[in-house]
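Undergrad: I would like to see how this sequence folds:
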Amino acid sequence: MSPAAPEPVPEAAREPRSPGAALELLVHGVGGATPHGMLDDPRTVRVTGDATAAMYRRADDAGAESDPDRFRDGPVPEAYCWSNLTSGNGARALWLLLLPFMVVNIAHWMRPPSAGRSGSTRFYGVLVRLVALSLTVLLTAAACEVALDLTAWQCAGAAACTETRSWLGLLSAAEGGWWSQPGRRLALAALVPTALVALLWYLSRRTWSAYEAQRPPRGEDEEDGRPALGRPGFWYGRRLVARLRAAHTAAGLLTVAAAVAGAAARHDRGSDSTVRAVLGWSIEGALTIGAVVVVCVVCRRGRSERRLDIRIDRALVTWLPGSAAALLLLAAVYAAWSRPAWRSSGALPGDATFGVIALAQGTLVLLLAAVALRLHRRAPDPRTALQGLAGPAVAMLACALGGVMAGGVAQRVADWLDGPGTPGTGSGPIAGPPVLLSWQAAVIPALLLLLLVPALFLAARTAHAALRLAPVVEGEYAGERPDRVRTRRIARVRAAARLTDAAPGLVGLLAGATLLLGAGAVAGAWATGKVPGEAFGWAPAFVDSVAEGAQALGSWLVGLGFILFVTWGRRAYRDASARRTIGILWDVGTFWPRAAHPFAPPCYAERAVPDLAWRMSSWTGRTGGRLVISGHSQGSVLAAAAVWQLPHGTRRRVGLLTYGSPLERLYGRWFPAYFGREPLAELHREVHCWRNLWRRTDPIGGPVRLPAEGDKPEVDHAPLLDPVVYGRTQDHPLPEPILGHSDYQADPAFARERAALLDRLPPALPLPVPLQRGDGPDDIDGTASQGSSGRSSG
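TA: Here you go, the predicted structure:
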């Protein structure tokens, strides 16, 4: 496909020839954009929406529907600003705690197309939800490790640890106070992980009330063969999120209860008190039953997309976490029972929990990979990332991320409490965290060295590709005097843009290495029972020194990551610009509904997609006008999802213009069941007209690869030249920038293709129409701040 050379655009081709109302609905990409930047006007009005997400127009266009002259020069632009959904107030900084949950939730949506295998599809969803549940247990167990084991059990039980920490005087065994008994120390320390679980519940409950509460347009009932994103209930997952939130909250509380009651029950089984022993067995049995109920709730029901399910399982949502809280309270009272002869020593019983969690996660990921391969082989597509294994690979990375966060907190707290000693070596006052966490940290340097090889390969390949592209670039600017420096720069940008297509290989390598090295860490911890620096004392000096170095470097890297994580979160809480930077991560990761983990950051598309669908339906239904929804970058994904949700009668009055779009290049490859070849082809058939603009210098956007079908032309425009002009000319006396992913509207092709889309839509009804709410200003905001300025932002 040859690039489109810039050419003068005739005035007649710039704007539509058909009379009547015409609207261009602009949707920005990640990173946010301001209304005045998108509309290229400092005076803007909010026509509908709120401070979180709203539609804006130029002040002069506020009542355009009642003035036919407003449409003679082209469509009225209207900007949808949604960036505050992901980077609004300072509480968004807390979402960093939810990063592993967000990643595993993404894995749910990466499954290959089902191709009639509904049983395999359901099993895939069950496995991902179980992996997500294990992450909740893992992070709660990490909080228990810090508060109950390292602080209340180990440090408070050792005089050498508490003598320099007056804040532990209340719990110190050396002081002999009421709280000094081990069970009472554990019961009091349990407030910390309980508060963490309560915080996660609160964040999920609060965002559930705001994001999952938006109902999409009713439209027609689902037709057979409808794409998933066009189903009535796809963007309305309140019922499932409420069920999962109850189950995960209960799982967290049961984990805390098990940590509190487990040590006391083990002590009582070795004592002379039959009553306490029976009570300990009873509590542990109740905790086991509770865990089974939680697993059943997680496995039993998935998403209901084929209809708008507005029901809430109120009994389950109330009684499941309530029962878990009651068991936790009972466990705390049981642990606080007076046991004067009980002394704490070593590590808190139950440190094998982390090994069991790691083993369960590895097993679930392998089962997930088997199911994904089965689905992919039924309907193979060479464009699918990792041959259908993207979901299992990302789930493995979510587990690794959760392990690093858990290990980082435990390692840093242990280092702080141990003073000059090294945790796990017996050189300090405490025994340290579980041995497995040290082994997991020790494999991080090996993982980084392994990743260095493909990184160097890709760097060399990119440099070589830039050399090969140089004559191609010069050939595309025929008639221009070659400039060696200019050519090399354009070629390097093009070659670097291709690195995006290498991401699946890197993710697969990272996930595979993580699985193997993690399995080795579990085996090493269970086989030796010692930290790596102590486990190889029998080996040659070189091997022993490598093990010690890996443990020390891994611990340092985990600590550095933890410090950076806390620093980044603290800065994001105070600084709006840093919050927008984090918001870019959420823009990409929280597009999908919370189908696997209820504590993941909320899905902004459950607000944005209904917003866009409602606006298109209401405006076209009332005015009978023509509408082009114009989406850049992530905005093009929102635009496509909104068009899928439109009633059939509305879709024929809407044109779709995408530019810098990751629809096929990223979403089609990583989420083939929802944006693969068949769903995008179905969208091409359903929408009245669609055009896609892209550049070879764009590292994110690309072609959607949909050929002409019937009377509908090919979706992709020829690749736009970037820069628009190669050298200096009379019209461009200064060098034009290489735009890459930004400022597509600056290319003459943008106005030409927008006008062509409008001309292909059915004629609009005569104007004027009565002004109604939603088409007039309800808030003047000429300096509205939604993010960084610019026409669109990627």
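Undergrad: contacting residues for the residue located most distally from the centre of the chain?
TA: Within the chain, Asp272 marks the point farthest from the mean C-alpha position, 52.7 Å out by CA atoms, centre = their mean. With CB atoms under 8 Å, 6 or more residues apart in numbering as the criterion, no residue contacts Asp272. For every residue, glycine as well, the C-beta is placed using N, CA and C.
Undergrad: in three-state terms, label it for me.
TA: Look at Asp272: counting by DSSP: H, G, I helix; E, B strand; the rest coil, its state is coil.
Undergrad: the nearest residue in space to Glu548 that is not next to it in sequence: neighbour count?
TA: Leaving aside its chain neighbours, Glu548 sits nearest to Gly533 (4.2 Å; criterion: CB to CB, 6 or more residues apart in numbering). Neighbour count of Gly533, defined by other CB atoms under 10 Å: 21.
Undergrad: buried set for stretch 378-386?
TA: Going by neighbour count (16 or more other CB atoms under 10 Å), the buried part of stretch 378-386 is Ala379, Asp381, Thr384, Ala385, Leu386.
Undergrad: give me the subset of those residues lying in strands.
TA: Residues of the buried residues of stretch 378-386 located in strands (DSSP state E): none.
Undergrad: dump the residues you listed to a markdown table, plus pLDDT.
TA: As requested, the buried residues of stretch 378-386 are exported to a markdown table (pLDDT from 0 to 100):
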| residue | pLDDT |
| --- | --- |
| Ala379 | 85 |
| Asp381 | 91 |
| Thr384 | 94 |
| Ala385 | 94 |
| Leu386 | 94 |
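Undergrad: show me what contacts Ala228?
TA: Residues near Ala228 by CB under 8 Å, 6+ apart: Phe234, Glu305, Ala673, Tyr674, Pro679.
Undergrad: ok, and the most crowded of those?
TA: Among the contacts of Ala228, Phe234 has the most neighbours (other CB under 10 Å), with 26 neighbours.
Undergrad: quick one: that one is in a helix?
TA: No - assigned with three-state DSSP, Phe234 falls outside any helix and is coil.
Undergrad: now Pro75: how far from Pro766?
TA: Separation of Pro75 from Pro766 (CB to CB, to the nearest Å): 17 Å.
Undergrad: those two: which is more packed in?
TA: Pro75 (24 against 11).
Undergrad: hmm, Arg754 and that one touching each other?
TA: Yes - counting by CB atoms under 8 Å, Pro75 touches Arg754, with 7.4 Å between them.
Undergrad: tell me, how many residues neighbour Arg205?
TA: Neighbours of Arg205 using other CB under 10 Å come to 15.
Undergrad: any idea how far Thr249 is from it?
TA: 9 Å.
Undergrad: could you do Cys296 as well?
TA: 16 Å.
Undergrad: all strands of the chain, in order?
TA: So, for the chain - with DSSP E - the strands run 22-27, 44-49, 54-58, 76-81, 626-632, 654-659, 689-693, 779-780.
Undergrad: could I get those as TSV with distance to Ala400, mean pLDDT and mean neighbour count?
TA: As requested, the strands of the chain are arranged in TSV below (distance: least, CB to CB, whole Å; pLDDT from 0 to 100; neighbours: other CB atoms under 10 Å):
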stretch	distance to Ala400	mean pLDDT	mean neighbour count
strand 22-27	34	94	25
strand 44-49	39	93	22
strand 54-58	39	95	24
strand 76-81	36	95	25
strand 626-632	33	95	28
strand 654-659	34	96	27
strand 689-693	36	96	24
strand 779-780	46	34	14
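Undergrad: between those strands, which gets nearest to Glu709?
TA: strand 689-693 (10.8 Å; CB to CB).
Undergrad: just name whatever secondary elements the closest one is in contact with.
TA: With contacts defined as 3 or more CB pairs under 8 Å, 6 or more residues apart in numbering; DSSP states H and E, strand 689-693 has these neighbours: strand 654-659, helix 748-760.
Undergrad: next, the angle from it to helix 748-760.
TA: Calculated by axes from the mean of the first three to the mean of the last three CA atoms, to 10 degrees, strand 689-693 forms an angle of 180 degrees with helix 748-760.
Undergrad: export strand 689-693 as CSV, just CAs?
TA: What follows is strand 689-693, C-alpha atoms only, in CSV (Å, rounded to 0.1, in the frame of the first residue of the first chain):
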residue,chain,number,x,y,z
CYS,A,689,-19.3,3.8,6.8
TRP,A,690,-15.8,3.6,8.3
ARG,A,691,-12.5,5.0,7.5
ASN,A,692,-9.1,4.5,9.3
LEU,A,693,-6.1,6.7,9.0
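Undergrad: tell me the angle that strand makes with strand 654-659.
TA: 10 degrees.
Undergrad: which one is Trp756 nearest to, not counting chain neighbours?
TA: No, residue 756 isn't Trp; it's Ala. Arg691 (7.2 Å).
Undergrad: now do the contacts for the one you found.
TA: With contact taken as CB under 8 Å, 6+ apart, Arg691 is in contact with Gly655, Leu656, Leu657, Thr658, Val715, His717, Glu753, Ala756, Leu757.
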